[in-house]
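> Provided below are the primary sequence and the corresponding predicted coordinates.
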Amino acid sequence: MTLITFWRKGLKKMEKTKMNRAIIFDSGALISLSMSGLINELIKLKENFNGNFLITEQVKFELVDKPIKIKRFELEALRIQELLNKKILEMPDSIGIDSKIIEHKAQEIMEMSNNFFESSREKIKIMQLGEASCLALSKLLKEKKIENVIVVDERTTRMLVEKPENLKELLQKKLHIRIKQIKENFDYFRDFKVIRSTELIYVAWKKGLTDLKDGKLVLDALLYALKFKGCAISYEEIEEIKNLKEEIKKIK
């Protein structure tokens, strides 16, 4: 399901409550958006979205609690904290999900994902706690019948969900070592829905929510800004997004 479909789906039903959909943000995606100067676009997307923008305690630690103590990263941390203060971003307890349960499930997911591959010296860690917590929250939301997607810019986690059969080759190129696959079953990860910050900002552009309005030239600039600020997207994938034909209808 594309993000555009997700944005449209069940709109009449969604008018009754804001508890039917959620977008979960990993730390890398929010860093890409913030460093690209796209916080205002994120705010407009939230105002236009009938649902919740969520981050976990683990992601908050990576974005706010830790960097706010480091002068180099203090400003970015304060920007994210302000989004929390204004409830643009919300914590899971705002919709009745206990952060301790998320942490427990995240540890399980991280343990599972970090036991798929090994080198001659050690097992290969492919997921950190912040990313695992996003997957854990997604699972818990699904149990509550809350449809959701995860915004994650890191390529390894996305490939684990979307194309796990290609993950071994990616890791070997990334780490420059030979890797052995220990386990074959990736079924647990197939139910997650993941997107990148680039797909999210495409929706903002298509809906006329970006501050700049100069057509496809702006879209090109937005996508490349995110790429150069950390979003793992190829030049070919950027061109695919720019050539998308599906139209987004006005959503009230």
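Yep, that arrived.

> Quick check: which ranges of the stretch 151-252 of the chain have low pLDDT?
Scanning the stretch 151-252 of the chain with the threshold set as pLDDT under 70 gives 245-252.

> Look up phi and psi at the residue nearest the centre of the chain.
Relative to the mean C-alpha position of the chain, the nearest C-alpha, by CA atoms, centre = their mean, is the one of residue 151, at 1.4 Å. Here the main-chain torsion angles of residue 151 (degrees, to the nearest 10) amount to phi -90, psi 110.

> Now residue 118: phi and psi?
phi -150, psi 150.

> Do I have it right that it meets residue 177?
No: checked against CB atoms under 8 Å, the pair residue 118 and residue 177 is beyond contact range at 10.3 Å. Just so you know, the C-beta spots here come from the backbone N, C-alpha and C atoms, and that holds for glycine as well.

> picking that back up, wouldn't the residue nearest to the centre of the chain be in contact with residue 32 here?
No: at 9.4 Å, residue 151 does not count as touching residue 32 under the criterion of CB under 8 Å.

> re earlier: looking at residue 118 and residue 177, which is more packed in?
In this comparison of residue 118 against residue 177, neighbours counted by other CB atoms under 10 Å, the higher total goes to residue 118 at 14 against 11.

> Can you tell me how far the more buried one is from residue 186?
Summarising the geometry, the distance separating residue 118 from residue 186, computed by CB to CB, to the nearest Å, is 16 Å.

> Identify the residues contacting residue 139.
residue 105 (CB atoms under 8 Å, 6 or more residues apart in numbering).

> Got phi/psi on it?
The phi and psi torsions at residue 139 (degrees, to the nearest 10) take the values phi -60, psi -40.

> How confident is the prediction for it, by pLDDT?
pLDDT recorded at residue 139 is 97.

> again with the one 10 residues further on
Model confidence at residue 149, given as pLDDT, is 96.

> For it, what is the enclosing helix or strand?
Take DSSP states H and E as the rule and residue 149 turns out to sit in strand 147-151.

> Strands of the stretch 151-252 of the chain, start to end?
Remark: strands assigned in the stretch 151-252 of the chain by DSSP state E, counting those that start in this stretch are 180-181, 194-195.

> so of those, which one's packed in deepest?
strand 194-195 (a mean of 22; mean count of other CB atoms under 10 Å).

> Counting by contacts, list what it packs against.
Using 3 or more CB pairs under 8 Å, 6 or more residues apart in numbering; DSSP states H and E as the contact definition, the elements that strand 194-195 packs against are strand 147-151, helix 155-162.
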